[in-house]
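K.L.:
Predicted model and sequence follow; I will ask about them next.
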Amino acid sequence: MNKIIARLIFFLILLLLNPQRIMSQIILYNFNKNSDLKEWRIVNDDVMGGISSSNLEINNEGNGVFKGIISTANNGGFSSIRYNCNKTFIKNKSYIKLKIKGDKKEYQLRIKADNEEYFSYIYIFKTSGNWETITIPLNKMYASFRGRILNMPNFNNDYFEQITFLVGNKKNEKFKLLLDQIILE
């Protein structure tokens, strides 16, 4: 309850100080104690014979916790969570902002303009180990398929339909990423 009240106070202060900025934000996903994680799908390297494992849960503070173990055995080496957000139109929007706390590892944010596309647009970011806001310019997200950069323009669509967090640093390791909010601005 304290987290909800703190967010409400923070939102009201921001609204008073800068109403245009707040009104221009779209909260794509807000993790909290009532989040229905059935909307998120886990996709690990076991789809191609690997043995990495992961899960997504809500902790006592109401944050999403994406954690697991990456194994490079059997040509594996990744874990991911996907959220199909229907068509999210991004007219006049330039950034995705992630309110997260990582473990000092690199992660990828991936989006798909269409769920049926074989490729994703990717942005790689490193976490600091502290709560932080990572700002991802949509026009810096590049097209990739199975780890290969495609000879295509960076993301420039009017909408996207899927968001994915992926970890795959080409080594055996544990990982843990706390998720608070995903914002379109």
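P.N.:
Arrived safely, thanks for sending.
K.L.:
tell me the contacts of Glu106?
P.N.:
Glu106 is in contact with 124-127, 167, 169, counting by CB atoms under 8 Å, 6 or more residues apart in numbering. C-betas here are computed from N, CA, C, even on glycine.
K.L.:
Mind putting those into TSV with neighbour count?
P.N.:
Output for the contacts of Glu106, formatted as TSV (neighbours: other CB atoms under 10 Å):
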residue	neighbour count
Ile124	14
Phe125	15
Lys126	10
Thr127	20
Val167	25
Asn169	16
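K.L.:
Please flag which of the residues you listed sit within strands.
P.N.:
124-126, 167 (DSSP state E).
K.L.:
out of the residues you listed, who's nearest Asp46?
P.N.:
Val167 (14.7 Å; CB to CB).
K.L.:
Test of understanding: give the bridge partners of the closest one.
P.N.:
For Val167, the residues forming beta bridges with it (DSSP bridges) are Ser79.
K.L.:
Check the contact between it and Phe78; I expect there is one.
P.N.:
Yes - counting by CB atoms under 8 Å, Val167 does reach Phe78; the two are 6.7 Å apart.
K.L.:
Overlap in contacts, those two.
P.N.:
With CB under 8 Å, 6+ apart as the test, Val167 and Phe78 both reach Ile70.
K.L.:
in what helix or strand does the most centrally placed residue in the chain lie?
P.N.:
Within the chain, one residue has its C-alpha closest to the average C-alpha position: by CA atoms, centre = their mean, that is Phe165, at 4.3 Å. Phe165 belongs to strand 159-167 when assigned by DSSP states H and E.
K.L.:
Pull the residues that contact that strand.
P.N.:
Taking CB under 8 Å, 6+ apart as the rule, strand 159-167 contacts 28-29, 43, 66, 70, 78-90, 96, 105-115, 120-121, 175, 177, 179, 182.
K.L.:
for stretch 58-67, same thing?
P.N.:
Under CB under 8 Å, 6+ apart, the answer for stretch 58-67 is 3, 31-33, 35, 37, 54-57, 79, 81, 101, 165, 174-180.
K.L.:
Now do that stretch, average pLDDT.
P.N.:
Here stretch 58-67 scores 97 as its mean pLDDT.
K.L.:
Quick one: distance of that stretch to the chain centre.
P.N.:
14 Å (CA atoms, centre = their mean, to the nearest Å).
K.L.:
What residues sit buried inside it?
P.N.:
Residues of stretch 58-67 classed as buried by neighbour count (16 or more other CB atoms under 10 Å): 58, 62-67.
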